[in-house]
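S.K.: quick check, what structure comes out for this input:
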Amino acid sequence: MKTLREDLAALAVLHQVDVRIERARATLAGLDTGATLAADFSSLKPAADAARAEANRLAALQRDAELKLGSVETQIASANRLLYGGTVVVPKELENLQKKIEELGRRKDAAELAVLEAMETAQAADAEAAIHEGGLADLARRYRKVKAAWQERSDALKAEMESLAPPRADALAAVERADLLSRYEAIRGRKGGLGAAMLEADGSCSICHTKVNATLVDATKAAASVQACEHCGRLLLPAPPV
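M.R.: The predicted model follows:
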């Protein structure tokens, strides 16, 4: 049967493995998964979609205005062919045809103005939609970069934690006192995965970094009984792992 000091030393080895596991776990939990960028993308996309839909609507109005202008121009060309083609010779018909051309000319002026106004509005809307889409594209690029970095780092951390399972099992088996292990695991479950702490050279707890009283320091170094940090409640180990 091991002495208590030997069992505490074995527990210190287990503790150091658990420190590495919890450090990797905490790092993994703190990695940027890109969730904020994804949320930003989702929140901005409806506005970008609405801007593009409005730009498309105005572009369609511009095309309609251009078609109307084209129709008027076709009618003017047809009327001019009649006027100057020599097929219409009756003075009254010629007069009516001239009036029609004049009316079509006024309609053409109005149609050209409508085309210019529609074009200006459509171009402004398209520019605004492009700004929205550029912002989304930038968010998407940043998200893919962050996500790739997260995947690479998380895979490495998970592999590290998996690689620590065998040495942890060995360290666990090296502690002979079942009551000591049971107490350690119970504290570990309540204290974020770390059930013990090393007594530092300056008499402080290696986990909560609080100085413990001199009597407790002496008792921990003597290793005649199991001691706990009076501040964080973790078991105090008198020596670093062998």
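
S.K.: how far away is the residue sitting nearest the centre point of the chain from Leu194?
M.R.: The centroid of the chain falls nearest to Gly34 when counting by C-alpha atoms, centre = their mean (2.2 Å). Distance of Gly34 to Leu194, given as C-beta to C-beta, to the nearest Å: 29 Å. Just so you know, the C-beta spots here come from the backbone N, C-alpha and C atoms, and that holds for glycine as well.

S.K.: state which helix of the chain is the longest.
M.R.: helix 91-163 (DSSP state H).

S.K.: please compute how far the next helix or strand after that helix lies from its chain's middle.
M.R.: Toward the C-terminus, helix 91-163 is succeeded by helix 165-174 as the next helix or strand (DSSP states H and E). On the basis of C-alpha atoms, centre = their mean, to the nearest Å, helix 165-174 sits 37 Å off its chain's mean C-alpha point.

S.K.: cool, and stretch 222-238?
M.R.: Distance of stretch 222-238 from its chain centroid, counting by C-alpha atoms, centre = their mean, is 43 Å.

S.K.: on that earlier part again, list phi and psi for the residue nearest to the centre of the chain.
M.R.: phi 90, psi 10 (degrees, to the nearest 10).

S.K.: dump the residue contacts of it.
M.R.: Contacts here follow C-beta atoms under 8 Å, 6 or more residues apart in numbering; on that basis Gly34 touches 142-143, 146-147, 150.

S.K.: buried ones among those residues?
M.R.: 143, 146-147, 150 (16 or more other C-beta atoms under 10 Å).

S.K.: need these in CSV with distance to Glu117, can you?
M.R.: Below are those laid out as CSV (distance: C-beta to C-beta, whole Å):
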residue, distance to Glu117
Tyr143, 39
Val146, 44
Lys147, 45
Trp150, 50
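
S.K.: from those, which is closest to Leu216?
M.R.: Using C-beta to C-beta, Trp150 comes nearest to Leu216 of these, at 42.7 Å.

S.K.: I figured the closest one hits Asp32, correct?
M.R.: Yes: under the criterion of C-beta atoms under 8 Å, Trp150 makes contact with Asp32 at 6.3 Å.

S.K.: what about the chain, any weak spots by pLDDT?
M.R.: 239-242 (pLDDT under 70).

S.K.: residue ranges of each domain in it, please.
M.R.: 4-21+177-237, 31-163 (automatic domain parsing).

S.K.: tell me which of those domains sits most buried.
M.R.: domain 4-21+177-237 (a mean of 17; mean count of other C-beta atoms under 10 Å).

S.K.: ends of that domain, how far apart?
M.R.: Domain 4-21+177-237 has an end-to-end distance of 11 Å (C-alpha to C-alpha, to the nearest Å).

S.K.: can we start the residue count at 797 from this point?
M.R.: Right, with 797 as the first residue, what we last looked at is domain 800-817+973-1033.

S.K.: roughly how far is it from the heart of the chain?
M.R.: How far domain 800-817+973-1033 lies from its chain's middle: 39 Å, per C-alpha atoms, centre = their mean.

S.K.: ditto for stretch 806-825
M.R.: The mean C-alpha position of stretch 806-825 is separated from the chain mean by 28 Å, C-alpha atoms, centre = their mean.
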